[in-house]
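Asks: okay, predicted coordinates and the sequence, questions at the end:
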Number of protein chains: 2
Amino acid sequence: MSSKGSLVALDWGTSSLRAALLDAAGTVLEERSLARGILSVEPGGFPTVFESACGDWLRDGASQAIIGGMAGSRQGWLEAPYCACPAGFDEIAARLAWIEPRRIGIVPGLSCEDSGVPDVMRGEEVQILGALDLLGATDGLFVLPGTHSKWARVVKGRIEGFSTFMTGEFYALLRNRSILARTLPESDGALDAAAFRRGVEQSLRGGGLLHNAFGVRTLSLFDRVAADALPSYLSGLVIGEELRAQQLPGRDARVVLIGASDLTARYALALEVLGATAQSLGSEATWRGLSRIAQAAA
Amino acid sequence: MSSKGSLVALDWGTSSLRAALLDAAGTVLEERSLARGILSVEPGGFPTVFESACGDWLRDGASQAIIGGMAGSRQGWLEAPYCACPAGFDEIAARLAWIEPRRIGIVPGLSCEDSGVPDVMRGEEVQILGALDLLGATDGLFVLPGTHSKWARVVKGRIEGFSTFMTGEFYALLRNRSILARTLPESDGALDAAAFRRGVEQSLRGGGLLHNAFGVRTLSLFDRVAADALPSYLSGLVIGEELRAQQLPGRDARVVLIGASDLTARYALALEVLGATAQSLGSEATWRGLSRIAQAAA
């Protein structure tokens, strides 16, 4: 005996699709994951993948599906144009792109602008506002680590602005494609916390990543850091460089991290070096965000 | 009728070998270039390549060959251990690694240390000290742009310290291997000076390359910069980030650029944004440097 599903929530990203069936109170009744990110969907194939992911839930009584993530991009199912910041649940709900009116809706991404350069996110806005709701907060600094990390400032329930950092992608490029690849061991292995912290501290000193990355090579050349610890040192360098660029509100800053636990743990460690405190949330923020967007659109 | 050759000067790098025959006054009588960088030389093959590059000059009367560059690295002909900074002509001449005593000598690279992280150069020290001599100067800030750019401070004729920046390598990785590769046109085309300058200014504002690089994508997404101008904008970002990390001695700073003219021209343009003045030198600095090292070793 399961309670009745009310809302289908989809997180449809570039490389994967996650779906959840929620009851009227927003409780997750069932979760599914498919390796059908938008890059794997042939033109015109979105309805079929959608049907296979959650068609049964809709036939079985759920009245609505709300989809966040890259499904709303130009390469996705239906483009949901970026919603300009500041934006909260109400602004996003008002800008849903409907595949079927009031039945299947796609969440728009957000855009903002800093010194004439735009920035964008798609999917993270759901997680940020969901986390805000889960924490019962109205303000905060939210960090979503990843290939392209996002830092977002929330004021009075709305995302005021945000910045993207290509931290995960830089790490992979330096680790696998640069001259450092010759110095680093084949596998990353477990995190060496001391080497990681040393990398963070080196970046916080300034000097810049263009210079500090070369240090991975020289520290190895002069046998100052063991080969096995070099990936952790490099990881500390790039995450430390991301932190260096922030204007954290003082040593007592409180940051909310959202993402996979191995990555949020690294950021929590790096923030510790700065004296900042971090709180971590995972996928529960996504489901809460989609559920609250559905409510705001009702 | 040519004047008699006295010194053979070799710049033996990773991917190429350049040789010059100099007279006793240091004037270049003849130059040669071979695609026989150290990476192309099989183990034990260095004497043969050396003979084919300049054996005739030595048989014909030149009494000595001095070799700078990666030939002195662990992967080269004979390892010439790094000479610690500060170092000038005398320190380097005293540390030559001799293949044949007083006849064929290899210039050592330099090392220095900053906050516990070592830095190294091999070959650039010859160019820096050669440029210093050509300019009749004893002090200066020298910049050698490239895959791995070097910034060196010279005080009273000796290189006090230096920093390496992986600027050229980061550009190539971002341009060809990152998500930006999808946004950029296939070929770089001619430099768009306005877009380049805009990239430099964006980096000087701070924010960091991890963030600013993502702007290449969003500026294109929002049609703010034409596709053809994006490589110049990205080039300005990475070179601007290199400049941001420097403590240039005020707006009236004078910098000596050494390298290929297309690259030194970009750096001169970037330095202009900062209000600094640049002077550029090319390969003549290499031959002067090797010539003066030979004199100092005599």
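Replies: Arrived safely. Bear in mind that the values here come from a model prediction, so they are computed numbers and not experimental data.
Asks: what ranges do the strands span in chain A?
Replies: Per DSSP state E, chain A carries strands over the ranges A:7-12, A:17-22, A:28-34, A:64-68, A:83-84, A:97-100, A:104-106, A:110-114, A:117-121, A:140-144, A:149-155, A:158-165, A:254-258, A:277-281.
Asks: redo those strands as CSV? Include distance to A:F50, mean pLDDT and mean neighbour count.
Replies: (C-beta placed from N, C-alpha, C; glycine too.) Output for the strands of chain A, formatted as CSV (distance: least, Cβ to Cβ, whole Å; pLDDT from 0 to 100; neighbours: other Cβ atoms under 10 Å in any protein chain shown):
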stretch, distance to A:F50, mean pLDDT, mean neighbour count
strand A:7-12, 8, 98, 26
strand A:17-22, 9, 97, 23
strand A:28-34, 10, 96, 14
strand A:64-68, 8, 98, 26
strand A:83-84, 23, 98, 16
strand A:97-100, 8, 98, 14
strand A:104-106, 8, 98, 24
strand A:110-114, 23, 97, 19
strand A:117-121, 23, 98, 21
strand A:140-144, 25, 96, 22
strand A:149-155, 26, 96, 22
strand A:158-165, 27, 98, 22
strand A:254-258, 25, 92, 21
strand A:277-281, 27, 93, 17
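Asks: and those as CSV, adding distance to B:R18?
Replies: Listed next are the strands of chain A as CSV, based on distance: least, Cβ to Cβ, whole Å:
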stretch, distance to B:R18
strand A:7-12, 56
strand A:17-22, 57
strand A:28-34, 58
strand A:64-68, 58
strand A:83-84, 56
strand A:97-100, 61
strand A:104-106, 60
strand A:110-114, 46
strand A:117-121, 42
strand A:140-144, 50
strand A:149-155, 44
strand A:158-165, 41
strand A:254-258, 53
strand A:277-281, 54
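Asks: contacting residues for the closest residue to A:A260 other than its chain neighbours?
Replies: With Cβ to Cβ, 6 or more residues apart in numbering or on different chains as the criterion, A:A260 has its nearest non-adjacent residue at 7.2 Å, and that residue is A:G282. By Cβ atoms under 8 Å, 6 or more residues apart in numbering or on different chains, the contact set of A:G282 is A:258-261, A:264.
Asks: how about the nearest residue to A:A62, chain neighbours excluded?
Replies: Spatial nearest neighbour of A:A62, excluding adjacent residues (Cβ to Cβ, 6+ apart): A:G5 at 4.4 Å.
Asks: widest-spaced pair of the contacts of A:G282?
Replies: Greatest spatial distance among the contacts of A:G282 (Cβ to Cβ): A:I258 and A:S261, at 10.8 Å.
Asks: overlap of the contact sets of these two?
Replies: A:280, A:282.
Asks: where does the prediction get shaky in the stretch 101-250 of chain A?
Replies: For the stretch 101-250 of chain A, the stretches with pLDDT under 70 are A:249-250.
Asks: please enumerate the helices of it.
Replies: With helices called from DSSP state H, counting those that start in this stretch, the stretch 101-250 of chain A shows them at A:124-134, A:167-177, A:193-204, A:209-221, A:230-244.
Asks: re earlier: now the buried members of the contacts of A:G282.
Replies: Neighbour-count burial (16 or more other Cβ atoms under 10 Å in any protein chain shown) applied to these gives A:258-259, A:264.
Asks: a markdown table for those, including distance to chain B?
Replies: Shown next, in a markdown table, are those (distance: Cβ to the nearest Cβ, whole Å):
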| residue | distance to chain B |
| --- | --- |
| A:I258 | 19 |
| A:G259 | 17 |
| A:T264 | 18 |
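Asks: residues from the stretch 51-200 of chain A in reach of chain B?
Replies: For the stretch 51-200 of chain A, the residues in contact with chain B (Cβ under 8 Å from any Cβ of the partner chain) are A:114-120, A:148, A:163-167, A:169-170, A:173-174, A:177-179.
Asks: ok, the spatially most central residue of chain A - contacts?
Replies: In chain A, the centroid-proximal residue (Cα atoms, centre = their mean) is A:L144; its distance is 4.2 Å. Under the criterion of Cβ under 8 Å, 6+ apart, the neighbours of A:L144 are A:124, A:127-128, A:150, A:152, A:257-259.
Asks: just curious, which of the residues you listed is nearest to chain B?
Replies: Chain B lies nearest to A:K150 out of the contacts of A:L144, by Cβ to the nearest Cβ, at 10.1 Å.
Asks: verify the stated contact: that closest one with A:E125.
Replies: No. Contact criterion Cβ atoms under 8 Å: A:K150 and A:E125 do not qualify, at 9.1 Å.
Asks: just to revisit the earlier point, select, out of the strands of chain A, the one closest to B:G13.
Replies: Taking Cβ to Cβ, strand A:158-165 is the member of the strands of chain A nearest to B:G13, at 34.9 Å.
Asks: so which elements touch that closest one?
Replies: Other elements packing on strand A:158-165 under the criterion 3 or more Cβ pairs under 8 Å, 6 or more residues apart in numbering or on different chains; DSSP states H and E are strand A:110-114, strand A:117-121, helix A:124-134, strand A:149-155, helix B:209-221.
Asks: got a list of contacts for that strand?
Replies: Under the contact criterion Cβ under 8 Å, 6+ apart, strand A:158-165 has outside partners A:85-88, A:91, A:110, A:112, A:114, A:119-121, A:124-125, A:128-129, A:148-154, A:242, A:245, B:207-208, B:210-211, B:214.
Asks: run through the bridge partners of A:F142.
Replies: Applying DSSP bridges to A:F142 gives these bridge partners: A:A152, A:V256.
Asks: from A:G236, how far off is A:A194?
Replies: The gap separating A:A194 from A:G236 is 10 Å, by Cβ to Cβ, to the nearest Å.
Asks: and what of A:G199?
Replies: As judged by Cβ to Cβ, A:G199 and A:G236 stand 2 Å apart.
Asks: nearest spatial neighbour of A:A71, skipping sequence neighbours?
Replies: Closest residue to A:A71 apart from its sequence neighbours, by Cβ to Cβ, 6+ apart: A:W12 at 3.7 Å.
Asks: quick one: the one you found and A:V107, what's the gap?
Replies: According to Cβ to Cβ, A:W12 stands 10 Å off from A:V107.
Asks: give me the common contacts of those two.
Replies: Common neighbours of A:W12 and A:V107 are listed as A:67-69 (criterion: Cβ under 8 Å, 6+ apart).
Asks: ok, now which ones touch the nearest residue to A:G76 once chain neighbours are set aside?
Replies: Nearest non-adjacent residue to A:G76, counting by Cβ to Cβ, 6+ apart: A:I38, 5.0 Å away. By Cβ under 8 Å, 6+ apart, the contact list for A:I38 reads A:12-14, A:70-71, A:73, A:75-77.
Asks: from the residues you listed, keep the buried residues only.
Replies: For those, a neighbour count by 16+ other Cβ under 10 Å gives the buried set as A:12-14, A:70-71, A:73, A:76-77.
Asks: format the contacts of A:L144 as JSON lines; extra columns: distance to B:A25.
Replies: Output for these, formatted as JSON lines (distance: Cβ to Cβ, whole Å):
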{"residue": "A:E124", "distance to B:A25": "67"}
{"residue": "A:Q127", "distance to B:A25": "71"}
{"residue": "A:I128", "distance to B:A25": "71"}
{"residue": "A:K150", "distance to B:A25": "63"}
{"residue": "A:A152", "distance to B:A25": "66"}
{"residue": "A:L257", "distance to B:A25": "67"}
{"residue": "A:I258", "distance to B:A25": "69"}
{"residue": "A:G259", "distance to B:A25": "66"}
